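Engineer: Any chance you could fold what I've pasted below:
(chains A and B)
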Number of protein chains: 2
Amino acid sequence: MHVAGALNTDFQPTRESLPPPNVSYQQSVLGLAPNKSHKNPFPFILRAAAVYPDKLAIAHPDVKHPAFYTYAVWTQRIQNMAYALIQAGIRPGDRVAVITPNWYSLHFVAPGNYETPSVDAHFGVLAARAIVTPVNTRLTLHEVSYILEHSGSRLILVDRDFTHLIENTNIPTIVCHDTGRVGDPYESFLSAGRVFSAEKGWAGLDVEPDENAGAVLCYTSGTTGRPKGVLTTLRGSYLAAIGNVVEGQISRESTYLWILPMFHAAGWTYPWANVFACATQITMRSVDYPLIWKHFLNSGVTHYCGAPTVQIGIVNDPAARPLPRNISAVIAGAAPTAHLISQLEQKGIKSVHLICSSIITSETYGPFTRCYDQPHWKTLTLEQRAKLMARQGQSFATAQDVRVVYPPQDENDEELRDVPKDGRTVGEVLMRGNIVMKEYFRDPEATRKAFQGGHFHSGDLAVWHPDGVIQVVDRSKDLIISGGENASSLAIELELSSHPHVLEVSVVARSHPKWGERPMAFVLLRPEHAPKWKDNHDGFATELIRHARTLLPGFACPEWVQIVDELPKTSTGKILKTNLRKVVAKL
Amino acid sequence: MHVAGALNTDFQPTRESLPPPNVSYQQSVLGLAPNKSHKNPFPFILRAAAVYPDKLAIAHPDVKHPAFYTYAVWTQRIQNMAYALIQAGIRPGDRVAVITPNWYSLHFVAPGNYETPSVDAHFGVLAARAIVTPVNTRLTLHEVSYILEHSGSRLILVDRDFTHLIENTNIPTIVCHDTGRVGDPYESFLSAGRVFSAEKGWAGLDVEPDENAGAVLCYTSGTTGRPKGVLTTLRGSYLAAIGNVVEGQISRESTYLWILPMFHAAGWTYPWANVFACATQITMRSVDYPLIWKHFLNSGVTHYCGAPTVQIGIVNDPAARPLPRNISAVIAGAAPTAHLISQLEQKGIKSVHLICSSIITSETYGPFTRCYDQPHWKTLTLEQRAKLMARQGQSFATAQDVRVVYPPQDENDEELRDVPKDGRTVGEVLMRGNIVMKEYFRDPEATRKAFQGGHFHSGDLAVWHPDGVIQVVDRSKDLIISGGENASSLAIELELSSHPHVLEVSVVARSHPKWGERPMAFVLLRPEHAPKWKDNHDGFATELIRHARTLLPGFACPEWVQIVDELPKTSTGKILKTNLRKVVAKL
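Structural biologist: Next comes the predicted model:
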């Protein structure tokens, strides 16, 4: 990304954002043993600033007041934030809520939550030894109130567009107008921190001495019930971020484009991973697909992450075209279809497929597994290979065990018995290791249940293939039991989406007088094919069911097909099957 | 590296080296918390074998009985070793000595110590929860006896060529004939382990529950006094190995050639780093330069490590030619000259320069710093850039602090005061963090001294440049005090080596009636220029001193120059200044 001149003309950091001459990045180490450092992702930025002070760290270009921070300037801002938080009374272990923009529409123009307070906070709050609580801005006032109260947040950093979400709160609040200019209350807050520091610099800030202290408190977007607070540790964040660097081969030559929401499992630890690698990050306030393609084609983007729904938007955007060089995409949040993977590859986007599926991402710092492509796959067709790659894979670099086990016999059954690696027997996905969360905050009962048998229970159902790769077939509640046979709604969706007219599809169980349950498919058509079926929904249903019969056993073929204009989704882009089930219940 | 057929024809693993069908790589986790894994480099191989069972892991091609192990086969061999060690009475924390071939000549044909017992042991001994004690084979019988006794080794794995080093020992010994064939006592030992396992597999082996337990006990090749035993931890080994993967950008597409001795600081953790990355490793029994070039040109080598003295041998070998693609070299063990770096670059070898200098490598798991090239260096000449790159740099990915401080006032002075970053003030290099050793084994006094002020004292003297980069100017005892001025022998060597006729040079202090001390240079001439000066040593001395005067202050110019046929070196290729000083003392 070329920013020549930008630093001098487009953007002037506040006086307090400028590091002093002869800056020292040394912190007080609190008498630790000579061979012990805190595993904490925040000091990554001290090293990056020491090694590459003048390198572009953060670019926030597509706004009225663009901001471009070098590592030296950004690190100073983070130091200012840490002092500002301390001045505001934040003590070690306190929670600081961050509410910044998020997707305002769910299709094709899916804006992001990428502004400076969010990315600053992943370092600044940790530098103050406090815990970041990112809040999903698609939530209602009522839900946000619950999270603020449950987390016991002591301070809120909020974007100008989301102050309505905290109308009722008494918690001290800093509003950010996303200008980066003097006069912005957020900038004033940072500047006051610099003054308060009395130029003690990094040496005036202790590193958190307990690497098992909390890092991020992220609330699940749970499709049912109250959101749960997933508390992660500094140690886990450090190792997960390094794992992402290794798996994604992120380096100081990399440029990462923020498409994934940063509130989603702390952006899968990428705010830290990119800094560990000394890469450049581009943030967008509004993630629209033409803008993504502008950056793909012109800003040297090498890496991004996104759920399949976003990837579908990317490859189907009119601006999409083959790229002059490969970009690495990490797909997770749900299982990508083979069709999507092959579309991405045709555009020059090399996908690093990591785990999928809803619930587990927050509890495992984002991705935990990866389907490693094998040398002998090179002889396969793209379609065959994509089918193998769409599986969830094996545990990744710094993850530890991932297993598929038979469900427990009862509440107290702690014995874990692996299912055979036959690609057929369905069991639950369990994980353990350093990149599993610490606990559900203030919910020991939910924690106990989730950790039964010393492993984290993901709630995902999967098979284990003979090559050791696991493949998620469904969430427990998404399995369709048709005539005593278990049909995976995910497997059905995978096959239906291979129909050339299908853009996106979701399948749920609908009760059936004879078979107990039968699959019902909700289909979003590709815009170019939609007119053909506009007045002939039945014709399309017949066509799709015929297509399904060539690919699926009879019990797994949809009995009903409904064309929709939109699929209901969570704020993180996951399809809300709960809502579809409500629709089905009324039929 | 192409091995098609090799596995089937050239080499048949013993029956017991073949993994069983449906092998499980799961170990017993001893009731650890769900979010805690042991940071231990040994389980890297379990993941590699699970993900890439059929990938070539180890190639040992240049011997009478070549061996090629896939990850599945190699992992089985390691499991066999673990059981064999347990059967032999090895208990957690016991030391197992490994004595395998080493350099038998110090110039141009520098053979390695790279055979299967050594690389096997880095995993198999750890899998048995014991400690690897690699022994330098250039040592005498007397020195080896000392190490075996001091380490309290309970078992010895020894190569057929080095049994004379353990003549007097009563310690149980397994001899390896490096055949990989049935009948080799080493193979019988492994096979017996498989039988002893009763097919309990990995589930029958507990992971070491204490990540601060010992991993490797490596004896310094100390130029003076008794060797000290540097004890490293599992945690440190894990983080150092991952750091090397990130810094070297080693990936599953990489092929690593073993040129560095594996006994030297556990091969700088590369035995584990390569496996973490799922790369392929090529081992050589004898490191001769034509063979290295054969592999560079034909075996897809992407990475190697080596001290400057080996790098000099590589670039000056007649087989050397520009490479069709870049190879990454890590240079450490002493400071490379700008001349050497530019020579390497001209051959297509991209050097990742990490720290240098003798004493610190063992105590810091190998490299601790790196000189990160900056974008704006691209505008410099190769010579200018190489000069910047020859500096030791800043702390690397998983290292923590490296500082340059004023020497302590006295024995009890624990206060650390950084020298100014002026590129002139000389201080001592101190390190701390996860990749600093645990202790000097059974030597609390040496440990206390080395860790004064909560940092590891490297004994290296350095300046700190304004850009944050440190540059080693000398070992404490290598400083030459001439007329009250401190002259760095390393700085003098750097300048003298820019003379086109100089292949290698070493400078030591020689007493002088007027100035106290003055520099004396010992020079090894390039073979093509040696004849010219054969009968005119004085002429060369005049010429070199004139050259030095254009580059160095008068007090740093050598007063005496002596042409030698060979420079005395330690078994790890470091110049033995102690021996040169003895020569000087007699003049």
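Engineer: check which helix or strand covers residue A:310.
Structural biologist: Assigned by DSSP states H and E, residue A:310 belongs to helix A:308-316.
Engineer: Which secondary structure elements does that helix sit against?
Structural biologist: Counting contacts by 3 or more CB pairs under 8 Å, 6 or more residues apart in numbering or on different chains; DSSP states H and E, helix A:308-316 is packed against helix A:289-298, strand A:327-331, helix A:338-346, strand A:349-353, strand A:502-512. The C-beta positions use only the backbone N, C-alpha and C, and glycine is treated the same way.
Engineer: ok and that helix relative to helix A:289-298, angle-wise?
Structural biologist: 70 degrees (axes from the mean of the first three to the mean of the last three CA atoms, to 10 degrees).
Engineer: Might you calculate how far helix A:308-316 sits from the centre of the chain?
Structural biologist: 15 Å (CA atoms, centre = their mean, to the nearest Å).
Engineer: buried set for that helix?
Structural biologist: The neighbour-count check on helix A:308-316 (16 or more other CB atoms under 10 Å in any protein chain shown) flags A:308-316 as buried.
Engineer: Report the mean confidence score over stretch A:283-299.
Structural biologist: Averaging pLDDT along stretch A:283-299 yields 88.
Engineer: can I have it written out in PDB, keeping just the CAs?
Structural biologist: Extracted C-alpha coordinates of stretch A:283-299, given in PDB (Å, rounded to 0.1, in the frame of the first residue of the first chain):
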ATOM      1  CA  THR A 283      -9.300  -1.300   8.300                       C
ATOM      2  CA  MET A 284     -12.600  -0.400   6.800                       C
ATOM      3  CA  ARG A 285     -15.500   1.300   8.400                       C
ATOM      4  CA  SER A 286     -17.900  -0.100   5.900                       C
ATOM      5  CA  VAL A 287     -17.100  -3.400   4.200                       C
ATOM      6  CA  ASP A 288     -18.700  -3.200   0.800                       C
ATOM      7  CA  TYR A 289     -17.600  -5.600  -1.800                       C
ATOM      8  CA  PRO A 290     -16.500  -3.200  -4.500                       C
ATOM      9  CA  LEU A 291     -14.200  -1.600  -1.900                       C
ATOM     10  CA  ILE A 292     -12.800  -5.000  -1.000                       C
ATOM     11  CA  TRP A 293     -12.000  -5.600  -4.600                       C
ATOM     12  CA  LYS A 294     -10.500  -2.100  -4.900                       C
ATOM     13  CA  HIS A 295      -8.100  -3.100  -2.100                       C
ATOM     14  CA  PHE A 296      -7.500  -6.600  -3.500                       C
ATOM     15  CA  LEU A 297      -6.500  -5.100  -6.800                       C
ATOM     16  CA  ASN A 298      -4.700  -2.000  -5.700                       C
ATOM     17  CA  SER A 299      -3.500  -2.100  -2.100                       C
END
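Engineer: For the longest helix along chain A, list every residue counted as buried.
Structural biologist: Ranked by number of residues, the top helix in chain A under DSSP state H is helix A:71-87. Applying a neighbour-count criterion of 16+ other CB under 10 Å, one finds A:71-86 buried in helix A:71-87.
Engineer: so does that helix get close to chain B?
Structural biologist: No: residues of helix A:71-87 are not located near chain B by CB under 8 Å from any CB of the partner chain, the shortest gap being 11.0 Å.
Engineer: Just list what that helix packs against, helices and strands only.
Structural biologist: helix A:44-51, strand A:56-60, helix A:116-127, helix A:185-197.
Engineer: could you redo the ones you listed as CSV and give each row mean neighbour count, mean pLDDT and distance to residue B:66?
Structural biologist: Listed next are the helices and strands packed on helix A:71-87 as CSV, based on neighbours: other CB atoms under 10 Å in any protein chain shown; pLDDT from 0 to 100; distance: least, CB to CB, whole Å:
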stretch, mean neighbour count, mean pLDDT, distance to residue B:66
helix A:44-51, 24, 96, 43
strand A:56-60, 23, 91, 49
helix A:116-127, 26, 86, 51
helix A:185-197, 19, 96, 63
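Engineer: after the strand or helix carrying residue A:158 comes which helix or strand?
Structural biologist: If you go by DSSP H and E, residue A:158 is part of strand A:155-159. Where DSSP H and E defines the elements, the next helix or strand beyond strand A:155-159 is strand A:173-176.
Engineer: mind saving the C-alpha coords of that next one as PDB?
Structural biologist: This file holds the C-alpha atoms of strand A:173-176, laid out as PDB (Å, rounded to 0.1, in the frame of the first residue of the first chain):
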ATOM      1  CA  THR A 173     -18.100   6.500  28.200                       C
ATOM      2  CA  ILE A 174     -15.700   7.800  25.600                       C
ATOM      3  CA  VAL A 175     -17.200   8.600  22.200                       C
ATOM      4  CA  CYS A 176     -15.100   8.300  19.100                       C
END
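Engineer: Could you list every helix and strand that it packs against?
Structural biologist: Identification of packing neighbours for strand A:173-176 by 3+ CB pairs under 8 Å, 6+ apart yields strand A:155-159, helix A:185-197.
Engineer: Select from the helices and strands packed on helix A:308-316 the stretch with the lowest mean pLDDT.
Structural biologist: strand A:349-353 (a mean of 73).
Engineer: Return the closest of the buried residues of helix A:71-87 with respect to residue B:166.
Structural biologist: Of all the buried residues of helix A:71-87, residue B:166 sits closest to residue A:71, with 53.3 Å by CB to CB.
Engineer: shouldn't residue A:38 be in contact with residue A:209?
Structural biologist: Yes: Residue A:38 lies in contact with residue A:209 (CB atoms under 8 Å); the separation is 6.7 Å.
Engineer: Neighbour count for these two, which is higher?
Structural biologist: Taking other CB atoms under 10 Å in any protein chain shown, residue A:38 and residue A:209 do not tie; residue A:38 has more neighbours (22 against 15).
Engineer: The more buried one falls within a strand, correct?
Structural biologist: No: counting by DSSP: H, G, I helix; E, B strand; the rest coil, residue A:38 falls outside a strand, being coil.
Engineer: Report the contact partners of it.
Structural biologist: When contacts are counted by CB atoms under 8 Å, 6 or more residues apart in numbering or on different chains, residue A:38 touches A:32, A:207-209, A:211, A:234.
Engineer: residues in the stretch 301-450 of chain A within reach of chain B, list them.
Structural biologist: So the stretch 301-450 of chain A meets chain B at A:372, A:374-375, A:394-395, A:397-398, A:400-401, A:403, A:418, A:421, A:432-438 (CB under 8 Å from any CB).
Engineer: mind listing which of these are in strands?
Structural biologist: A:394-395, A:403 (DSSP state E).
Engineer: most surrounded residue in the residues you listed?
Structural biologist: Greatest neighbour count in these, by other CB under 10 Å, goes to residue A:395: 24 neighbours.
Engineer: what sits opposite that one in the beta ladder?
Structural biologist: residue A:369 (DSSP bridges).
Engineer: Could you pull up the contacting residues of it?
Structural biologist: A:368-369, A:401-402, A:431, A:433, B:47.
Engineer: ok, of those residues, which come out buried?
Structural biologist: With neighbours counted by 16+ other CB under 10 Å, these contain buried members at A:368-369, A:401-402, A:431, A:433, B:47.
Engineer: how about the residues you listed, which pair is most distant?
Structural biologist: The farthest-apart pair in the buried ones among the contacts of residue A:395, when distances are taken by CB to CB, is A:431 and B:47, at 13.8 Å.
Engineer: May I have the beta-bridge partners of residue A:457?
Structural biologist: The partner residues for residue A:457, given DSSP bridges, come to residue A:430.
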